[in-house]
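In: Here's a sequence, model it:
(2 chains)
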Amino acid sequence: MKVLVVYCHPVETSYNAEIHRTALATLRAGGHEVVDLDLYAEGFDPVLSREDRLEYHDTSKNRRKVDKYVAQLEWAEAVVFVFPTWCYSMPAMLKGWFDKVMLPGVSFVLGADGIARPNLQHVKRVVGISTYGRPWWVATFLMGNPPKKNIVRYFRIITAARARITYIAHYDMNRSTDATRGAFLKKVERTLAALA
Amino acid sequence: MKVLLVYCHPRADSYAASLRDEARAALEGAGHAVDLLDLYAEGFDPVMDADERGRYHDTARNTEGIETHIARLRAVDAIVFVYPTWWYGMPAMLKGWFDRVWAPGVVFDINGGVIRPLLTNVRKVGVVTTMGAPWWFAWFMGHPGRMFLSRGVRAICGRGCRFLWLAHDRMDSSTPESRAAFLAKVGARLARF
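Out: Numbers count the residues shown, from 1 in each chain, chains lettered A, B, ... in the order given. Have a look, this model is predicted:
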């Protein structure tokens, strides 16, 4: 499959960097064609500017400054996200990728009736991989797990429910051990080795 | 009261800017002192870089570069946010303000996995936002912005911190009348804040 990996963490020695390396190695070993988008390494600017906002609804112009990222998304049959959960949701850097790349005419089409319709039906597979400082029950019951919903529910909509979506996470990182982190890396491997 | 008005929109002629002005006028009209934090106008950088992430958990060093934001947070009795909801959440600009400024030792302490609030000076949190989708759809999406502000943020403010949520939904099919009505509602509710 053609797989776009969207990775977001600033530190090369972080656990997320390890997940990222594991993900790339597993996907390549599985014979997939991989495009790796490392948002920090790329120096992606997550801020939607005044000019971006002015052109946002004009589908003839709105992709010109993010053309490369839009092309990656339009090429991909699968999208894999690797990111930490900060302040109960995705980092600003990754949120900015959604704000700026998931444009009208790209991920959805806004009808004259003001209703958004899906436009990413070519994406067949989505995988979200995240880490949380807090235990899963805090993320889920107290906070409603926003990063998970952002990936799972949002992609279900913009792919018109055609994509199979998997979300895995290492919760409770504040109290994690080598054993829990090692086990989760194995889970990342298993999940991505089975990607089809 | 002293109120920090956190505003986030790139366009000076946006509906969000009218909401900011309405909010400010209502608060000042009620005798509150408003400190406007306009993230775009101030050129805030929402990206937490490797250096900053490296010292995030080090409470002796994690305030470097964000001192003025911390001082402004600690100086107020209430915070009001005005922002558009993009992709079921706050814009990256505002999310980055939380990522960078709402740090351990600043707004909360972690001890053995238990979080202790430090922003106890804040007794009220208000939110004024716009959403493209209908309200029921926002609930289906888990209302990420609202959950975070009403639960996550309030958990580290003063005990019994009050919460006010004002949202104009279905912005994609809004009318001049619906926008004017919401503007009036924001003014009326914040005048009693």
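
In: May I have the secondary structure class of residue A:139?
Out: Following DSSP: H, G, I helix; E, B strand; the rest coil, we place residue A:139 in the helix state.

In: which residues in chain B form helices?
Out: Here chain B has its helices, by DSSP state H, at B:15-29, B:50-54, B:67-74, B:92-101, B:135-140, B:144-147, B:176-191.

In: just checking, which of these comes out with the lowest mean pLDDT?
Out: Least confident of the helices of chain B, judged by mean pLDDT, is helix B:135-140 with a mean of 68.

In: residue boundaries of the strands in chain A?
Out: Secondary structure of chain A, counting by DSSP state E: strands at A:2-7, A:33-38, A:78-84, A:108-110, A:116-118, A:125-131, A:164-170.

In: and the third one, what does it pack onto?
Out: Counting contacts by 3 or more C-beta pairs under 8 Å, 6 or more residues apart in numbering or on different chains; DSSP states H and E, the secondary-structure elements packed against strand A:78-84 are strand A:2-7, helix A:15-29, strand A:125-131, helix A:146-158. Heads up, the C-betas are built off the backbone N, CA and C, glycines and all.

In: cool, and the fifth one?
Out: Contact here means 3+ C-beta pairs under 8 Å, 6+ apart; on that basis strand A:116-118 packs against strand A:108-110.

In: Pull out the buried positions in the strand it packs on.
Out: Buried residues in strand A:108-110, defined by neighbour count with 16 or more other C-beta atoms under 10 Å in any protein chain shown: A:108, A:110.

In: At the geometric centre of the chain, which residue do we find?
Out: Going with chain A. Most central in chain A under C-alpha atoms, centre = their mean is residue A:81, positioned 3.4 Å from the mean C-alpha point.

In: was after chain B, sorry
Out: Central residue of chain B (C-alpha atoms, centre = their mean): residue B:81, at 3.4 Å.

In: so who does the residue nearest to the centre of chain A touch?
Out: A:5, A:6, A:7, A:8, A:94, A:126, A:127, A:128, A:129, A:130, A:151 (C-beta atoms under 8 Å, 6 or more residues apart in numbering or on different chains).

In: who's in contact with the residue nearest to the centre of chain B?
Out: B:6, B:7, B:8, B:90, B:94, B:125, B:126, B:127, B:128, B:129, B:149 are the contacts of residue B:81 under C-beta under 8 Å, 6+ apart.

In: Now with 10 Å, please.
Out: Contacts for residue B:81 (C-beta atoms under 10 Å, 6 or more residues apart in numbering or on different chains) come out as B:4-8, B:23, B:37, B:90, B:94, B:97, B:125-129, B:145, B:149, B:153.

In: and chain A, which of those residues contact it?
Out: Among the contacts of residue B:81, the residues lying close to chain A (C-beta under 10 Å from any C-beta of the partner chain) are B:90, B:94, B:97, B:145, B:153.

In: correct me, but residue A:102 touches residue A:108?
Out: Yes: between residue A:102 and residue A:108 there is a contact under C-beta atoms under 10 Å: 7.6 Å.

In: Overlap in contacts, those two.
Out: By C-beta under 10 Å, 6+ apart, the residues touching both residue A:102 and residue A:108 are A:119, A:120, A:158.

In: out of those, who's nearest chain B?
Out: residue A:158 (10.3 Å; C-beta to the nearest C-beta).

In: Does that closest one touch residue A:118 like I think?
Out: Yes: counting by C-beta under 10 Å, residue A:158 touches residue A:118, with 4.8 Å between them.

In: So for these two, which residue has more residues nearby?
Out: For residue A:158 versus residue A:118, the count of surrounding residues by other C-beta atoms under 10 Å in any protein chain shown is larger for residue A:158: 21 against 17.

In: List the contacts of the more buried one.
Out: Residues in contact with residue A:158 (C-beta under 10 Å, 6+ apart) are A:102, A:106, A:107, A:108, A:116, A:117, A:118, A:119, A:120, A:121, A:123, A:126.

In: What sits closest to the second one if chain neighbours are left out?
Out: If I follow you right, that is residue A:106. residue A:70 (5.4 Å; C-beta to C-beta, 6 or more residues apart in numbering or on different chains).

In: Surely the one you found touches residue A:64?
Out: Yes: contact criterion C-beta under 10 Å: residue A:70 and residue A:64 qualify, at 9.5 Å.
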